[in-house]
Each structure stands twice: as structure tokens, then as C-alpha cells.
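Undergrad: Take a look and give me a structure for this.
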Amino acid sequence: MKTSVLWGRRTAAAVAAAATIGAMGLIGSGAAFADTGCQTAGDSGFTAAVVAQPGQVISQRTVNATGCDVGIYVDAANVTIDQVKVTGANAAGILAENTSYLTLTRSTVTGNGFHAPAAPYPPGTPPVTGQLDQAFAISLFGVSHATVGRNTVYNNGRGGIGIMDNGPFDPGRVVGLPTYPAPIPVSDVTVSQNTLWANYAGCGIVVSAFNSGNTVDDVTVTQNTIRGTMQPGDVGGIVAQSNGPSSVVSNIMISRNTVTDSGESGVIVHAAAPGSMTKNVTVTRNLLSGNNWMAGTTIGVEVDSRMTDPYLGQQNVNTVITRNTISDQFYGIWAQGPDSPLVSRNDITTTTGGQDILILK
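TA: Residues are numbered from 1 along each chain as shown. Below is the predicted model:
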């Protein structure tokens, strides 16, 4: 039975087409690491073109996952994926869960996620039986000691890169299937030098904790480029968010990224659930321009613990916003909630009538 989770605001304007788990893929008899058929992907309820084995290096190949739910599925430790193209999966291009020491580099993930089970609708509501809450092109759920670097991620149907916890609520599993009895925390993940654009119905890069009382800690998001296309459903942005009651997302470094023309704010730090918190999130040396156009009021950096009503103890503790270059935004930095961010030395240029910094209590 999944935990009670309070879902935060999402700005995605499109959701993937509905499908049942039974119609999502064919279980084939292809040999391990061959994508000529679809294999059972652990106990996920999915099929996958490739199922990684412990210590496996998957490199210099194309994975055509047409007809499978997932391109590459990883639940084994010490897996390396390098210089691989993954395309055609119904849901996530690469799904890793409940493992450690994963290296994913120099790969291209495109054309996945357009035939996944339906996402919750309207966006921001809890998923119900048969729905799939998250299916990023690159999905790491309950994965620690991981590196995601120098990948190209574009034209996917359910967002770009997701770093999330796992447990009784599994963000990457169709609701109604068995999940895990205890929360699975996440720590020590680096997402760096990736290039993303046109990843629809989901954010560009997300770091989030969904399970009650769980933690996501020590995540670095650096030197990534997210280019918005300003097409409907292209959300973009970088998000650090506590989604589960009493969950903690802590020690998050968001630095030296370039985020332009995203549908949502360039960087969002959001405590979304009762008693939850973001803690020690640093937003520094990023280049942000033209973001949050979907909402009509453009924002560079957004810090919020008041998006639920009433206020139920959620906190943004020690959020530092410094040395960013922010342009073509109505608000350079917009914050609300009892814990004001520490703001210093940002270079902000606003649009006509705009305001560099607006902090609301």
C-alpha cells in the first residue's frame, strides 16, 4: 500500500496518452542485452529492450525499444552505460531503481515516453490505479552513488532527467502494482554537462523525495543546458522539491547551468508537503533567461513553501541564491514562505515593469 503523498504544483501543460499496463509491451524471448525483443524488467511490471546485469558495461550501441515499456532497465549495481542511443520506449528511456554505483554518460535518449500509461490529470493531483506518475527519459528512483553526465536528452514525452527516492510510493511504477515495504533514500548523485530540450509533460531536471519521512541528499546539478522550445507542454527548468510528508531534500548544489525559455521557472526550490523541507539548497552561477512563460509572469529563481493551503509546517531552510546571471524575467528572484532565501551578488535584468527580487511572507 503506498504512502499518503501530497503532490505539489506542476506546470506541465500536456500529459502522455493513456494506456493499460497490459498493452504497453510484448514479453519476447530475446537474449540478454539484445533489443530484438522485450524482456521482463525485474519486478517493475514493465518490459525492457535491455535488462542490465551486475557490473555490466553497455556501450557503443543503439537500443531500439519500440514495443517495449523501457529502453534499458537497471536494478543491478555497478552498471555503466556509455555512448548508447536509446529510442522508442513507451515510457522511460532508461529506468534505474533501487541500486547504486551507476554511471550513465555520453548517451542520447530521444523519442521515448509518448505511449506511457496516463499521468495524473489535472497535473498536480495524486495518481490513481493504472496511472504512471513519473517516466522521465532518464529515471533514477532510489539510486545512490550515481553519475549522469554529458548526455543529450531531447524529444521525449514525459520529461528529461528525474532523481527521486523510492519506497511504498514508487514514482516509476504503475499505481496498483506491488511496491517496496520501506522508504529507499538517495544520496551522492551528480547530474552534469547534459543537454536537454523538447522533453514534454515533465520538468527538465528534477530532484525530489516522494515517500513520507524519506531523504534525498547530496545531489549536484551542474553545467547542464536546458533550452526551451516554447512549444506547448515543453516544461524544462530545474526543480528541487520535497513531495512527501516530512520528507527532506538536502545539500543540493545547482550551479553553472544554463536554463532558457522554460515553461516553468528556471530554478524552483519547493517544499510541497506538510512537515517537509528543502535544506541547504544552493543556487549559484547559473545563467537564466526567459523562463516561466507558461504562467504569464516570467521568473528566474522561485523559492516556495506556501503552495499548499493551509500552511502545514513545510520549510525552505538555508536556501542560498548567489552570483547568478538572470535576464529577460519579470521577477529575477521570487520567494514566498516563512524562510526567506539568502540572496547576494546576482546580476539581474528584468523586463519592463519587473522587479529584481520579490520576497513574500
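Undergrad: Every contact and neighbour count from this point should use C-alpha atoms.
TA: Noted.
Undergrad: Now do the SS call for Met294.
TA: Following DSSP: H, G, I helix; E, B strand; the rest coil, the label given to Met294 is helix.
Undergrad: and the biggest strand by length in the chain, what other elements does it pack with?
TA: For the chain, the strand reaching the highest residue count under DSSP state E is reported as strand 347-360. Helices and strands touching strand 347-360, by 3 or more Cα pairs under 8 Å, 6 or more residues apart in numbering; DSSP states H and E, are strand 325-336.
Undergrad: Listing partners with orientation, what would you give for whatever helix or strand Ala49 lives in?
TA: Secondary structure assignment for Ala49, by DSSP states H and E: strand 47-51. Partner strands and pairing direction for strand 47-51 (DSSP bridges) are strand 39-40 (antiparallel), strand 70-74 (parallel).
Undergrad: mind giving me CSV with these and columns for mean pLDDT and distance to Ala118?
TA: What follows is the strands paired with strand 47-51, written out as CSV (pLDDT from 0 to 100; distance: least, Cα to Cα, whole Å):
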stretch, mean pLDDT, distance to Ala118
strand 39-40, 98, 21
strand 70-74, 98, 15
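Undergrad: Pop out the phi and psi values for Tyr180.
TA: phi -110, psi 140 (degrees, to the nearest 10).
Undergrad: Which stretches in the stretch 201-350 of the chain count as helices?
TA: With DSSP state H, counting those that start in this stretch as the definition, the stretch 201-350 of the chain shows no helices.
Undergrad: Give the residue spans of it that score low on pLDDT.
TA: Within the stretch 201-350 of the chain, the segments meeting pLDDT under 70 span 307-310.
Undergrad: Identify the bridge partners of Gly236.
TA: Counting by DSSP bridges, Gly236 forms beta bridges with Cys203.
Undergrad: Could I get the contacting residues of Phe136?
TA: Ala91, Ala92, Gly93, Gly113, Asn156, Gly157, Arg158, Gly159, Gly160, Ile161, Gly162, Gly202 (Cα atoms under 8 Å, 6 or more residues apart in numbering).
Undergrad: Just the ones of these in strands?
TA: Those of the contacts of Phe136 lying in strands (DSSP E): Asn156, Ile161, Gly162.
Undergrad: shouldn't the second one be in contact with Phe141?
TA: Which is Ile161. No - taking contacts as Cα atoms under 8 Å, Ile161 lies outside contact range of Phe141: 10.7 Å.
Undergrad: ok so, going back, give me the buried entries from the ones in strands among the contacts of Phe136.
TA: Listed as buried from these are Asn156, Ile161, Gly162; burial here means 16 or more other Cα atoms under 10 Å.
Undergrad: so what's Val128 up against?
TA: Val128 neighbours (Cα under 8 Å, 6+ apart): Pro120, Val175, Gly176.
Undergrad: how much space between it and Leu288?
TA: To Leu288, Val128 is 35 Å away according to Cα to Cα, to the nearest Å.
Undergrad: what do you get for Gly244?
TA: In terms of Cα to Cα, Gly244 sits 28 Å off from Leu288.
Undergrad: Contact partners for Gly296?
TA: Gly296 neighbours (Cα under 8 Å, 6+ apart): none.
Undergrad: Tell me how far Val207 lies from Gln193.
TA: Distance of Val207 to Gln193, computed by Cα to Cα: 16 Å.
Undergrad: When these two are compared, which one has more neighbours?
TA: The residue with more neighbours, out of Val207 and Gln193, is Val207; 26 against 20, by other Cα atoms under 10 Å.
Undergrad: hang on, isn't that one packed against Asn243?
TA: No - contact between Val207 and Asn243 fails when scored by Cα under 8 Å: they sit 10.2 Å apart.
Undergrad: List the single closest residue to Phe46 in space, sequence neighbours excluded.
TA: Residue nearest to Phe46 in three dimensions, not counting chain neighbours: Asp69, with 5.7 Å by Cα to Cα, 6 or more residues apart in numbering.
Undergrad: per-residue confidence at that neighbour?
TA: Note on Asp69: pLDDT of 98.
Undergrad: That one: neighbour count?
TA: 35.
Undergrad: That one and Thr87 touch, don't they?
TA: No - between Asp69 and Thr87 there is no contact under Cα under 8 Å: 11.1 Å.
Undergrad: Where does pLDDT dip in the stretch 1-150 of the chain?
TA: 1-36.
Undergrad: what about the helices in it?
TA: In the stretch 1-150 of the chain, no helices are defined using DSSP H, counting those that start in this stretch.
Undergrad: Surely Ala272 and Ser305 touch.
TA: Yes - because the distance of 6.3 Å satisfies Cα under 8 Å, Ala272 is recorded as touching Ser305.
Undergrad: shared neighbours, those two?
TA: Gln314.
Undergrad: Name all residues that make contact with Val343.
TA: Val343 touches Val320, Ile321, Thr322, counting by Cα under 8 Å, 6+ apart.
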